[in-house]
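Visitor: Kindly generate the corresponding structure for this input.
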Amino acid sequence: MRQPSDNGPAERRTAAANAKRRLLAKYASTPKETVPDVQERPAGRDCMRGRRTEGEALQNAENERLLAELKPSAIAITQHAKLAKPDTLNHSP
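Guide: The predicted model follows:
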């Protein structure tokens, strides 16, 4: 005897097709490329990329300026360390 809930292959196939259509309809409302907000995103990314490279250039320039400013004192310290006797550098009693 057949059970009342026992569906045949054709019924299962149509149920699967209907479920697939419902699933696709669920995602059909996602924004498309024609929406202005979606089109503005790449322009915003390019703007942020430009700001990031500009900030990196400013940081590199500041680093170079600091290195140029500190280089003479670093050279003087190394020369002093080379000229100093080993006994004067040892601070132990």
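Visitor: where in the protein is pLDDT low?
Guide: Residues of the chain that meet the criterion pLDDT under 70 lie in 1-6, 29-39, 85-93.
Visitor: In it, where's the longest helix?
Guide: helix 36-83 (DSSP state H).
Visitor: Residue 77 and residue 63: what is the separation?
Guide: For residue 77, the distance to residue 63 equals 20 Å [Cβ to Cβ, to the nearest Å]. C-beta coordinates here come from the backbone N, C-alpha and C atoms, glycine included.
Visitor: Over to residue 20?
Guide: To residue 63, residue 20 is 58 Å away according to Cβ to Cβ.
Visitor: before we move on, what about residue 54?
Guide: 15 Å.
Visitor: which strands and helices sit next to the helix or strand containing residue 22?
Guide: Using DSSP states H and E, residue 22 maps to helix 9-26. If you count contacts as 3 or more Cβ pairs under 8 Å, 6 or more residues apart in numbering; DSSP states H and E, helix 9-26 packs onto no helix or strand.
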